[in-house]
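Q: Predicted model and sequence below, questions to follow.
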Amino acid sequence: MIVAVKNNKKRFFIKIASLLAVFLMFVSYYFYMSNEFSNRQIKQEKIKLKQKKENAKLERDKKIERIIYREIETAVDLIGQKHILEVKIILDRALIIVEQETNLDALKVRYGSMALIKKDVQDTKIAIDLKYIIESKYNEK
């Protein structure tokens, strides 16, 4: 008995076409995933930059707060703590309310025209302009 095996050329082309299709699917999947990972990295970098900006802003705010606190502390020391009735910060000014007969010479010498002094019947109000003080001390450090 003789068995003849025929090679079908259609079958060969179908195998080649299917292998080519599988190869193209893997290549397209590779490029798709690499694009997704690059987009993720870009988003993460943007988030990190945003966090750095927020941290820098918080650090700047803390530095300004420390400058204001030290300056008010200095003003209170110059006046004398026992004479202080109230301390407020309104916009870019520090408002210090002291007793009527308080010696303000040291404060006048330190702040000069940046300290506005108003004497009332019951107390004396001092408004210290913090804007220029903050600018000079912030740039100094």
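A: On my side now, so go ahead. Every value quoted in this text rests on a predicted model; they were computed, and no experiment measured them.

Q: So Val121 versus Gln100, what's the distance?
A: Computed as CB to CB, to the nearest Å, the Val121 to Gln100 distance reads 8 Å. Backbone N, C-alpha and C define where each C-beta goes, glycine included.

Q: element containing the residue nearest to the spatial centre of the chain, please.
A: For the chain, Glu54 is the residue whose C-alpha lies nearest the centre (CA atoms, centre = their mean; 2.2 Å). Element membership for Glu54, per DSSP states H and E: helix 9-79.

Q: and that helix, how far from the chain's centre?
A: Mean-position distance between helix 9-79 and its chain equals 17 Å (CA atoms, centre = their mean, to the nearest Å).

Q: what element comes up after it heading to the C-terminus?
A: Next along the chain after helix 9-79, taking DSSP H and E as the criterion, comes strand 84-90.

Q: now that next one against helix 9-79, angle please.
A: Per axes from the mean of the first three to the mean of the last three CA atoms, to 10 degrees, the angle that strand 84-90 makes with helix 9-79 is 150 degrees.

Q: Can you list the buried residues in strand 84-90?
A: Neighbour counts using 16 or more other CB atoms under 10 Å place Ile84 of strand 84-90 among the buried residues.

Q: got the contact list for the helix or strand following it?
A: Per DSSP H and E, the first helix or strand lying C-terminal to strand 84-90 is strand 93-99. Strand 93-99 has contacts (CB atoms under 8 Å, 6 or more residues apart in numbering) with 68, 71-72, 75-76, 79, 83-89, 104, 123-130.

Q: Cool, thanks, talk later.
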